[in-house]
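In: coordinates for the following, if possible.
(one chain, ligands or ions: 1)
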Amino acid sequence: MKRYVIDGEFGIDALKLVESDIPQPGPGELLVKIKAASLNYRDFLMVTGNYTRNLPFPLVPLSDGAGQVVAVGGGVTRWKEGDRVMGCFFQEWPAGRITPQVPKSALGGAINGVLAEYALFREEGVVSLPDHLSFEEGATLPCAGVTAWNCLQKGGLTCGDTVLTMGTGGVSLFGLQFAKAAGARVIATTGSVAKEERLRELGASEVINYKSSPDWEKQVLKLTGGVGVDIVIEVGGAGTLLQSIKSCRMGGNISLIGVLTGQRGEMNPFPAVMKGVSIHGIYVGSREMFEDMNRTLSLHRIHPVIDRIFPFDQAREALQYLESGAHVGKVVINIP
Ligand SMILES: NC(=O)c1ccc[n+]([C@@H]2O[C@H](COP(=O)([O-])OP(=O)(O)OC[C@H]3O[C@@H](n4cnc5c(N)ncnc54)[C@H](OP(=O)(O)O)[C@@H]3O)[C@@H](O)[C@H]2O)c1
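Out: Predicted coordinates for the structure are as follows:
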């Protein structure tokens, strides 16, 4: 079978496409024919050596994939050949609180991921692909979808709330779709004039351009009658967190997930204290959250927003496209 590996060198061009044997499932494992994979910003950081340089080489990158079970190992009872499944970002976080063990089971980082024709998963490490979704659509969910879901749950989302999303990337658009399905109002930002209309089409009540309005938190306050939003899905990190705090209502919630403005920086956290804002660090989510999210997707017939699908032999081009920031929603790789 063919698989891509990061093997000692970093950079998109250093990603290698290699031949290897199809692995055989051991006890409690499944072999899945991967049909589609999707890219997250994390994958770009991983491939370029900006996430961690301490990887178990050779490492198959990408956490998010969907496919069909082709073989099961001894003792497997939850799945059978032919089942349509998606891998969980963490192979060992079935439910409950995150523990120190959980990150050691992250696909495409701590352990091999899904940019391959076949992949092994733990029996407890996959969920069913909802019937109304294609493999390409399912492949967008394990990281971006579950993270957005977790952000809104941690933020205590209630019907009638106002949610602030930032940019038109994978997590932010899932946040928009889930918040709308729950009866919330969404204020969305983007740095692109061309993407403003698309955000409105997808259900954003108001759109703010963070480039033409660098003090976008003032616009957010204006749009909420000076009150602020209930929940922010914060993808920018150190460079935007203070503005997110200022955008929040008293006692509001920030789900902090991203590093789009860089992994380091300084900011004054005192405004969070004075507003009683809760800041929740979010690290994707558990299988239970994934299953809860899938019930909502099925109920509301929600389809993920896919920007572009690349063929398997153009995985490097797909990463370059993600790096360009031209996308709206998810960038997917089809694996025949
Ligand atoms: N903690 C976790 O578990 C977790 C999980 C998933 C992702 N993340 C992180 O969340 C972030 C987003 O990930 P993703 O995969 O959704 O990314 P993505 O699909 O690559 O989306 C990036 C988009 O963010 C927008 N953006 C860039 N700089 C921005 C800024 N300064 N302010 C506001 N928006 C900005 C741009 O949209 P416009 O062109 O519309 O401006 C860009 O297209 C990344 O930092 C990623 O590492 C964390």
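In: helix/strand/coil for the nearest residue in space to Gly138 that is not next to it in sequence?
Out: Spatial nearest neighbour of Gly138, chain neighbours left out: Ala66 (3.5 Å); criterion: Cβ to Cβ, 6 or more residues apart in numbering. No exception for glycine: its C-beta is placed from N, CA and C like everyone else's. Recorded secondary structure, Ala66: strand (DSSP: H, G, I helix; E, B strand; the rest coil).
In: contacts only, for Ala66.
Out: By Cβ atoms under 8 Å, 6 or more residues apart in numbering, Ala66 lies in contact with 34-36, 84-87, 129, 135-139, 141.
In: enumerate the residues of the stretch 1-150 of the chain near the ligand.
Out: By Cβ under 6 Å from any ligand atom, the residues of the stretch 1-150 of the chain that approach the ligand are 40-42, 143-144, 147.
In: in helices, which of these fall?
Out: With helices taken from DSSP state H, the overlap with these comprises 41-42, 147.
In: need those residues in a markdown table (columns: pLDDT and distance to Ser324).
Out: Converted to a markdown table, these look like this (pLDDT from 0 to 100; distance: Cβ to Cβ, whole Å):
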| residue | pLDDT | distance to Ser324 |
| --- | --- | --- |
| Tyr41 | 97 | 12 |
| Arg42 | 97 | 17 |
| Thr147 | 98 | 22 |
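In: and these, which is closest to Met250?
Out: Thr147 (26.0 Å; Cβ to Cβ).
In: would you mind writing the CA trace of stretch 34-45 as PDB?
Out: Extracted in PDB, the C-alpha atoms of stretch 34-45 (Å, rounded to 0.1, in the frame of the first residue of the first chain):
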ATOM      1  CA  ILE A  34      -9.100   4.900   4.100                       C
ATOM      2  CA  LYS A  35     -11.300   6.600   1.500                       C
ATOM      3  CA  ALA A  36     -10.700  10.200   2.400                       C
ATOM      4  CA  ALA A  37      -8.600  12.300   4.700                       C
ATOM      5  CA  SER A  38      -8.900  16.000   5.600                       C
ATOM      6  CA  LEU A  39      -6.300  18.700   6.500                       C
ATOM      7  CA  ASN A  40      -6.200  20.700   9.700                       C
ATOM      8  CA  TYR A  41      -3.900  23.600  10.500                       C
ATOM      9  CA  ARG A  42      -2.200  21.200  12.900                       C
ATOM     10  CA  ASP A  43      -1.200  19.000  10.100                       C
ATOM     11  CA  PHE A  44       0.500  21.900   8.400                       C
ATOM     12  CA  LEU A  45       2.400  22.700  11.600                       C
END
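In: tell me which of the contacts of Ala66 is nearest to Val235?
Out: Of the contacts of Ala66, the one sitting nearest to Val235 (Cβ to Cβ) turns out to be Leu141, at 17.3 Å.
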